[in-house]
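*Asks:* here is my input, please return the structure:
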Amino acid sequence: MENTKAATVVDALLTRRSVRAFLPTPVPRAEVERLLALASRSASNSNAQPWHVHVLTDEPKQRLTEALWRALDGEGRVAETEYPFQPAPDDWEEPFRGRRKVFGERLYGETLGIEAHDAHGRLAHHRRNYDFFGAPVGLVLTVSRSTLASALVDAGLFLQALMLVARHAGLDTCPQAAFIDFYPVLRRHLNIPDDQIVVCGLALGHADPGHRLSDFRTGREPVDTFTTFYGD
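*Replies:* Below you'll find the predicted structure:
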């Protein structure tokens, strides 16, 4: 798929996807700044705007990636009990477990050809998270600890806006919760203060149309499965 611009908000929503293979084509800093300025128009509780964005390119991004790989290979992930919020449940309930299973089977089995028993292959793909899937720009989003519950909602609004304006510009993204597993590494390399909490990473760039993942898409539940109408 070519990285064409999305003409409308609807086009941006319909073409936005979590891209896991990027071209090395640089994204100018001025363009990143423009996208962030647009995303900052997002709603937030009492206009608190609790977000902070760390933008990495070139050598700084590579140094962080190498540090994260060392942590993945040696130290292992940080226990979720040490983190101020749980990014994923210990035991997924239905219907979420089923949706997650279908996603994993389609991503690893059908698209990447990695069987369920192939732990090495799955780890190799997971490892690519920490290189932002080859994207030229990596972002790490943090929010204020002091208003954490509402700040996480605000962060979601900010992220959605950023991903949509990126699509409007012909760029692609991938939000990545995997970075939370090694948040102490992020704190050290990005000098993140104690009053800020890491929410996720975000890869930004041009999707690689020649990669086997270029055609990977996920479905959505129909409206009547998640909506209750009152009145006519």
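*Asks:* alpha carbons only for contacts and neighbour counts from here, please
*Replies:* Noted.
*Asks:* all strands of the protein, in order?
*Replies:* Ranges of strands in the chain, per DSSP state E, are 51-56, 137-144, 172-176, 196-205.
*Asks:* and those strands: which comes nearest Ala43?
*Replies:* strand 51-56 (11.6 Å; Cα to Cα).
*Asks:* give me the buried positions along the closest one.
*Replies:* Using 16 or more other Cα atoms under 10 Å as the test for burial, strand 51-56 gives Trp51, His52, Val55, Leu56.
*Asks:* nearest the geometric middle of the chain, what residue?
*Replies:* For the chain, the residue nearest the mean C-alpha position is Pro175 (0.9 Å; Cα atoms, centre = their mean).
*Asks:* tell me what it is bridged to.
*Replies:* Taking DSSP bridges as the rule, Pro175 bridges to Leu202.
*Asks:* any idea how far it lies from Ser18?
*Replies:* As judged by Cα to Cα, to the nearest Å, Pro175 and Ser18 stand 7 Å apart.
*Asks:* and Tyr83, by the same measure?
*Replies:* Distance, Tyr83 to Ser18, using Cα to Cα: 25 Å.
*Asks:* for those two, indicate the residue with more neighbours.
*Replies:* Each of Tyr83 and Ser18 has its neighbours counted (other Cα atoms under 10 Å); Ser18 has more, 18 against 14.
*Asks:* okay, now the nearest residue to the more buried one once chain neighbours are set aside: neighbour count?
*Replies:* Nearest residue to Ser18 in three dimensions, chain neighbours excluded: Cys174, at 4.3 Å (Cα to Cα, 6 or more residues apart in numbering). For Cys174, the count of nearby residues is 22 (other Cα under 10 Å).
*Asks:* and the pLDDT at Cys174?
*Replies:* At Cys174, the model reports a pLDDT of 98.
*Asks:* okay but it is in contact with Arg16, surely?
*Replies:* No. Counting by Cα atoms under 8 Å, Cys174 stays clear of Arg16, with 9.3 Å between them.
*Asks:* residues contacting the residue lying closest to Ala67 once chain neighbours are set aside?
*Replies:* Leaving out its chain neighbours, the residue that sits closest to Ala67 by Cα to Cα, 6+ apart is Val185, at 7.1 Å. Counting by Cα atoms under 8 Å, 6 or more residues apart in numbering, Val185 touches Leu64, Ala67, Leu68, Ala71.
*Asks:* contact partners for the third one?
*Replies:* What it means is Leu68. By Cα under 8 Å, 6+ apart, the contact list for Leu68 reads Tyr130, Phe182, Val185.
*Asks:* can I get those residues in TSV with distance to Ala169?
*Replies:* As requested, those are exported to TSV (distance: Cα to Cα, whole Å):
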residue	distance to Ala169
Tyr130	24
Phe182	31
Val185	31
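*Asks:* ok, the residue nearest to Leu190 when sequence neighbours are not counted to Val10 distance?
*Replies:* Distance criterion Cα to Cα, 6+ apart; nearest residue to Leu190, sequence neighbours excluded, is His54 at 7.4 Å. Remark: distance between His54 and Val10 (Cα to Cα) = 28 Å.
*Asks:* and Glu115, by the same measure?
*Replies:* Distance from Glu115 to Val10, by Cα to Cα: 36 Å.
*Asks:* just want the angle from the longest helix along the chain to strand 137-144.
*Replies:* Identified as the longest helix of the chain according to DSSP state H is helix 148-168. Between helix 148-168 and strand 137-144, the angle comes out at 160 degrees (axes from the mean of the first three to the mean of the last three Cα atoms, to 10 degrees).
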